[in-house]
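Q: give me a model of this one.
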Amino acid sequence: MNFHTMDYVVAIAEERSFTKAAERLHVTQQTLSAHIASVERELGVRLFERTVPLGLTYAGEEFLAYARHFQAERRAMGQEFRDIAHDERGRLRVGVTSSRGHIIMPRAIAMFQADHPGISIQLVEGENDELVDVLEEGRLDLVVATVSASEPGLQVRELFREEVVLVVAESLLDRLYGERKEEVVAAASRPKGLRALAGCPFMLVGERDVPGDFPRRAFARAGVTPDVRVTSSNSETLLALALRGTGACFVPSELVATSFADPEAAGMRVVRLGSAMSYRLCVAWRESAHTWSMTEAFANVLMEQFADGSRVSA
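A: Numbers count the residues shown, from 1 in each chain. As a prediction, the model looks like this:
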């Protein structure tokens with residue numbers, strides 16, 4: 001068993017295939033299979049169920065957790081010695097939700113790389129909770145996400161407060177509610193007000209992302225089973241569909257601000273749904289005996305970017 005073992009187990013677990021893992025690792029399948037068989041003999045357990053797709057045994061799941069921990073510690077060690085050597089080279093892995101990436105990252109990355117040209121950025125987009133999980137596993141260096149300030153094992157800094165708003169085409173409101181439109185919109189912004197939108201088709205992002213989770217909770221509080229016509233991991237796609245009158249969507253307020261200079265002129269109604277739909281957007285990274293200077297530098301760029309109270313990146 002050695003460092004290669006950790007890389008091999010993680011690759012097989014993620015690819016769910018010896019063949020795909022071998023291609024990813026640039027080794028032969030025979031080499032990979034023989035190595036894993038040797039480790040299983042050494043441990044006295046099977047790590048993988050040789051099914052299609054490949055599965056992990058209970059022992060395999062436990063070993064995977066150790067392997068990811070070893071990878072994270074090995075990476076941290078390399079980062080610390082690069083700092084000692086004043087070597088500003090390497091790759092910074094940054095996680096951000098797909099609904100915010102194009103809003104926050106262009107300016108932040110440009111500012112960061114102007115000062116640190118030897119650092120490449122691997123931008124990973126995903127749902128909020130998924131990114132936090134991957135960060136905790138050590139597969140990301142930092143994330144921009146909604147994270148509890150008391151999340152164990154993480155350093156968390158607030159960037160700004162954001163809210164989820166409801167966006168719907170005026171044409172759809174006219175078609176559904178006619179002369180009652182203004183009354184319905186006013187009612188929708190009150191506590192449990194989503195019941196006023198009975199008959200409206202909705203579009204949602206995934207429940208592991210805040211703009212998807214908050215509306216689902218709001219529907220539950222209102223005792224409403226929504227007519228969900230479209231689900232997507234991409235808020236921009238839902239916003240484009242809302243513009244066409246396909247349905248009403250819930251998106252971050254910052255996305256609306258960057259998508260429409262004037263929502264009203266575009267024929268869109270933006271409905272604010274109250275304080276229960278607001279949340280903290282944060283930058284977070286793993287607590288460690290040594291935090292890579294490049295992680296801290298990127299976090300500082302983000303915090304400086306919003307220090308003046310501005311919300312949208314230019």
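Q: longest single strand anywhere in the chain?
A: With secondary structure taken from DSSP state E, the chain has its longest strand at strand 154-169.
Q: what about that strand, average pLDDT?
A: For strand 154-169, the mean per-residue pLDDT is 94.
Q: can you pull the buried residues of that strand?
A: Of the residues in strand 154-169, those buried by neighbour count under the rule 16 or more other C-beta atoms under 10 Å are 154-157, 159, 162-169. To be clear about C-beta, it is placed using only N, CA and C from the backbone, and glycine gets the same treatment.
Q: got the residues you listed as TSV, with distance to Arg68 columns?
A: What follows is the buried residues of strand 154-169, written out as TSV (distance: C-beta to C-beta, whole Å):
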residue	distance to Arg68
Leu154	16
Gln155	19
Val156	21
Arg157	24
Leu159	27
Glu162	30
Glu163	34
Val164	32
Val165	37
Leu166	39
Val167	39
Val168	43
Ala169	45
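Q: so who does Ser145 touch?
A: Small correction: residue 145 is Ala, not Ser. When the contact criterion is C-beta atoms under 8 Å, 6 or more residues apart in numbering, the partners of Ala145 are Gly95, Val96, Thr97, Asn128, Leu131, Val132, Leu281, Cys282, Ala284.
Q: from these, which one has the minimum pLDDT?
A: By predicted confidence, these are weakest at Thr97, whose pLDDT stands at 86.
Q: that residue - how many residues pack around it?
A: With neighbours defined by other C-beta atoms under 10 Å, the count for Thr97 comes to 29.
Q: neighbouring strands of the longest strand of the chain in the sheet, and parallel or not?
A: Taking DSSP bridges as the criterion, strand 154-169 sits next to strand 248-252 (antiparallel), strand 268-272 (antiparallel), strand 278-286 (antiparallel) in its sheet.
Q: give me the contact list for the longest one.
A: Right, the one you point to is strand 278-286. By C-beta under 8 Å, 6+ apart, the list of residues contacting strand 278-286 from outside reads 72, 100, 132, 135-136, 138, 141-147, 149, 151, 153-164, 210, 214, 291, 295, 299, 302-303.
Q: can I get that strand in PDB, CA atoms only?
A: What follows is the C-alpha trace of strand 278-286 in PDB, where atoms were taken according to Å, rounded to 0.1, in the frame of the first residue of the first chain:
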ATOM      1  CA  SER A 278     -32.700  35.800   2.100                       C
ATOM      2  CA  TYR A 279     -29.400  34.100   3.000                       C
ATOM      3  CA  ARG A 280     -25.700  34.700   3.500                       C
ATOM      4  CA  LEU A 281     -23.400  34.100   0.500                       C
ATOM      5  CA  CYS A 282     -20.000  33.200   1.900                       C
ATOM      6  CA  VAL A 283     -16.500  32.100   0.900                       C
ATOM      7  CA  ALA A 284     -15.300  29.100   2.800                       C
ATOM      8  CA  TRP A 285     -12.200  26.900   3.000                       C
ATOM      9  CA  ARG A 286     -11.100  23.900   5.100                       C
END
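Q: the longest strand of the chain: what's the following helix or strand?
A: For strand 154-169, the succeeding helix or strand toward the C-terminus, using DSSP states H and E, is helix 170-177.
Q: and the strands in this structure, which stretches?
A: Counting by DSSP E, the strands of the chain are 48-49, 55-56, 90-97, 119-126, 142-145, 154-169, 201-204, 227-231, 248-252, 268-272, 278-286.
Q: make JSON lines from those strands and add distance to Asp83 to it.
A: Formatted as JSON lines, these follow (distance: least, C-beta to C-beta, whole Å):
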{"stretch": "strand 48-49", "distance to Asp83": "37"}
{"stretch": "strand 55-56", "distance to Asp83": "35"}
{"stretch": "strand 90-97", "distance to Asp83": "10"}
{"stretch": "strand 119-126", "distance to Asp83": "12"}
{"stretch": "strand 142-145", "distance to Asp83": "16"}
{"stretch": "strand 154-169", "distance to Asp83": "17"}
{"stretch": "strand 201-204", "distance to Asp83": "43"}
{"stretch": "strand 227-231", "distance to Asp83": "43"}
{"stretch": "strand 248-252", "distance to Asp83": "35"}
{"stretch": "strand 268-272", "distance to Asp83": "45"}
{"stretch": "strand 278-286", "distance to Asp83": "15"}
